[in-house]
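> coords below, sequence missing:
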């Protein structure tokens, strides 16, 4: 993927990897003998020196390399080695990495060095509690080198499993989600971060990635990006870095680990962002201006294609299915053999909403070599509620709220029209006066949960729409509900006569249906397909009136009025 | 670009082109000797036969090939030759192409065969009028082989210029715009079209492409796609086809010509659509399901990088500049030498609006080897009006309209708040009762012109907002303007009490500012960056109130009231 990005800029790439047909070599045909690829292992110091002698800048896509050799050659490579060998050294030893981050004030969970002895591990378990995360300090990736110690009776087994390598222990982190942020750092030390993503691991290997992050806490995304950027600023060298984090129940984040390179959690950027992580890596290491990291689509998912066995046809079957999924972009890596757990490719799926994304990826997840479980499908690709059931979507675009269940008859037509347009919504009761805290929470979390419009109905004093509008930047559609006196004019005036600064989009008294239609027109600003469907709806309305007119003209008003 | 799309699907590609480092060969390193590229000309029939013997499907990216050879090998290639040799034959001779299209009822301008003699050409000029388009029937592309005959005195010169090749003549088409549609056709004959684009030629070579097409006539886009799809249905074989058309003043379209292959006017699809034209070409010729052709960004431009001389550094200078333009994706083709008029690469620029796109591409156009003229810049990348000038944007997202200039004082705050958020708008007078036709035209063309929200202010009977809402599917924000009697309640009720089916988002009486703020909240549904800026605005408002509160508490209400 890096080589493909390089070719668009006419940048020559020489690759060190084993074999003549290594994946990257397949897409880079050397333009001259001097640019010939190198056949060898990234662990072979002679080969690294051979590569260094050929290039203007050297970059490394795996951190399990000989940092010493990279340090030796660093001076001789005109534009240097990225990530910096000193950074690779810090990253390679996970305990040193944690010490580095902690020393620079970055949030990491409590950890301690341990010896590969029963006494040392038992002492760590006493100190940090059980379960305890026992980790190999080096050569650990995709979950290899991790052991969850649940009982002290497992100590010997754990040490054996981790192969007697140098270890350290981490306090167990009861996270609610794993999240990640790709950060690009220029040689001058400027950083820019990509949107926060949710990552889902399967057997400790990256399985799914979703962007943007949805959360009831609107402050998390900015905070996670700040933590990620700050952590990358502490590391030397240029390039992109994948910062993997744990999101805790209280909204705080801990850094799990940092990958000093393009990262699986950033593959989605190829289709979904203004500049891909690969192009930005190239820009960074070549001292070119960093590219925009903005998301250019409303919703995106990445599904890894992991081998389930050595049977390549299982991968080809998912790909065949993916070709019938709109918005799905297949990336096969050209690996010659499939193996269990091997990353054979990935599929990125873009969509205009999370609900559409779920619809699109659900069948993909069902067609994976190891299909998603029912629980996983329900979590990450929930089905839309049965149409007409009146149940709320788990990935709504519209929130319909009302002050009291007595407002339901007025608000149901809003839900019905959204059903008709197949637009996901949630519907609930939020009272400004009886549940002010709930109202505040609802309004403050609406945008970060993924809502794009709120429809609020209220009668009488009718404070709900305006108070919600005061606590969110989303457009709020207000429906005045007619009360027992004043014919609804009190509600109308309460809702529409908002002070300067906070608007409510008010519709007619008791006209929930128009609130739904207005919400659809508003959504069409981001999902142009709805505009065409609304055109069709308006035409249908006209046809209906024309039918009535025709009948009235045909049978005359007397018979027409008797029907 | 086709080879890059193929590599993502692990599809092996063998390329026939001159030299070992032809652009496509640079990104396809053969995995085995049997997949070695072929060094030779696409005009060499022996080389075509050599290629045909190696592949499962053969596709051609230029139509100036020997269709006879392709026809000979067609049977021997398991999945056939695409586009079909019979189609290539029709396309190759522009006069035959026009006859084919006319015979199938596709709209083409009047044309006739002519001999390369003065008598025949003069007779054509008498028949079809002057100016007359005199064209070479074969081997014409990028404007080579066209001659505009303005006077019959030029006849000999024209024949000489066209080199005595077989000719035909076309009636002059006084088009207002050139447009194009990429159509993908499956082997089974199903077609799908991409959005209509506007194309701009420079010296008869594709220079700029813009999508989606903006037009005051909302019906054009659908009509152009229909014409393009219908024309491609008349041609045999699978793959993508570029249908170039002329858009006439009355909204009708004529097909100019069809390219039976991925086309320059479809390069934008790589970054801007759910499936690129290249991937869809592969899907079509391999009998895989066709991919979604939907646009995934609100606005996109493509700028060709044409050599101005043999100085490659002129191209590199534009590229260096492009790296500082957000949303710009550079595609260099790896051509070894630059030449005047040669396509060295292209740059695609995505944006959240046409106005943002103009801002982004303007500096690119200024940095081209042959920079855009002031007229071209003004046409295709107009500057935003000076902030605070009160002048309308030429690429507005919001239309502010009012029934009378007496409503201006109420509506100006809407414009001011849009200015503050740097959102492009237009502001004018549209009266429901005094200019009903203008109102109807305004409403019907609003969406296709690129508007996403309309703010309409009106007083008294106040029909404007509701009538506009009845004729567009865009969200309409209504501002009740207080008249000389009834305190504006008449306007409010006229605007808000819309019947079921057509909503107006009504704000408080005389509150133009809230209408502007509501329009921004609505735009944020499609441009999430505005949501964050609205959050900031709401915080600023809170700070302002807090300052007042603090001062009131400090100095007491007596002194505070005296200020």
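Looks like it arrived, so ask away. Computed from a predicted model, the values in this text were never measured in an experiment. Numbering: from 1, shown residues only, chains lettered A, B, ... in the order given.
> Residue A:12 and residue A:396: what is the separation?
Noted for residue A:12: a distance of 49 Å to residue A:396, by Cβ to Cβ, to the nearest Å. Heads up, the C-betas are built off the backbone N, CA and C, glycines and all.
> and stretch A:544-552 with chain B, contact?
No. Figure legend: stretch A:544-552 not in contact with chain B (Cβ under 8 Å from any Cβ of the partner chain); closest approach 9.3 Å.
> What's the mean pLDDT across that stretch?
Mean pLDDT, computed over stretch A:544-552, is 96.
> swap in stretch A:368-383?
96.
> now do stretch A:90-97
In this model, stretch A:90-97 has a mean pLDDT of 95.
> And for stretch A:470-487?
For stretch A:470-487, the mean pLDDT works out to 95.
> how long is it end to end?
26 Å (Cα to Cα, to the nearest Å).
> which stretches of the stretch 251-400 of chain A form helices?
A:269-272, A:277-285, A:312-322, A:354-366, A:374-380 (DSSP state H, counting those that start in this stretch).
> The stretch 101-250 of chain A now?
Using DSSP H, counting those that start in this stretch, helices in the stretch 101-250 of chain A cover A:118-128, A:155-161, A:220-233.
> Under the pLDDT cut-off, which ranges of chain A? List them.
In the predicted model, chain A carries pLDDT under 70 at residues A:141-143, A:563.
> Looking at residue A:12 and residue A:396, which has the bigger crowd around it?
Neighbour count, other Cβ atoms under 10 Å in any protein chain shown: between residue A:12 and residue A:396, residue A:396 has more, with 23 against 17.
> Residue A:450 versus the more buried one, what's the distance?
7 Å.
> Then residue A:235?
Residue A:235 sits at a distance of 33 Å from residue A:450 (criterion: Cβ to Cβ).
> just residue A:121 next, same as before
Taking Cβ to Cβ, one finds residue A:121 at 43 Å from residue A:450.
> and the stretch 151-300 of chain A, which of its residues are near chain B?
Counting by Cβ under 8 Å from any Cβ, the residues of the stretch 151-300 of chain A near chain B are A:274-275, A:283, A:288-289, A:291-292, A:294-298.
> Out of these, give me the two with the largest separation.
A:288 and A:298 (29.0 Å; Cβ to Cβ).
> Now render the helices of the stretch 101-250 of chain A as a markdown table, adding mean neighbour count.
Output for those, formatted as a markdown table (neighbours: other Cβ atoms under 10 Å in any protein chain shown):
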| stretch | mean neighbour count |
| --- | --- |
| helix A:118-128 | 17 |
| helix A:155-161 | 16 |
| helix A:220-233 | 20 |
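> For those helices, could you give me JSON lines that also reports distance to residue B:111?
Shown next, in JSON lines, are these (distance: least, Cβ to Cβ, whole Å):
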{"stretch": "helix A:118-128", "distance to residue B:111": "84"}
{"stretch": "helix A:155-161", "distance to residue B:111": "80"}
{"stretch": "helix A:220-233", "distance to residue B:111": "59"}
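> looking at those, which is closest to residue A:33?
helix A:220-233 (37.9 Å).
> distance between the closest one and the chain's centre?
15 Å (Cα atoms, centre = their mean, to the nearest Å).
> contacts for it?
A:101, A:104-107, A:179, A:181, A:183, A:185, A:189, A:191-193, A:195-196, A:212-213, A:215, A:241, A:243, A:245, A:247, A:251, A:253, A:255, A:258, A:448 (Cβ atoms under 8 Å, 6 or more residues apart in numbering or on different chains).
> could you flag which of these are buried?
A:101, A:106-107, A:179, A:181, A:183, A:185, A:191-193, A:195-196, A:212-213, A:215, A:241, A:243, A:245, A:247, A:253, A:255, A:258, A:448 (16 or more other Cβ atoms under 10 Å in any protein chain shown).
> Pick out the residue nearest the middle of chain A.
Centroid check for chain A by Cα atoms, centre = their mean gives residue A:211 as the closest residue, at 2.3 Å.
> Roughly how far does that residue sit from residue B:514?
Distance from residue A:211 to residue B:514, by Cβ to Cβ: 33 Å.
> tell me the contacts of residue A:39?
A:17-20.
> what number of residues lie near the residue nearest to residue A:263 when sequence neighbours are not counted?
Of all residues not flanking residue A:263 in the chain, residue A:242 sits nearest, at 2.8 Å (Cβ to Cβ, 6 or more residues apart in numbering or on different chains). Residue A:242 is flanked by 25 other residues according to other Cβ under 10 Å.
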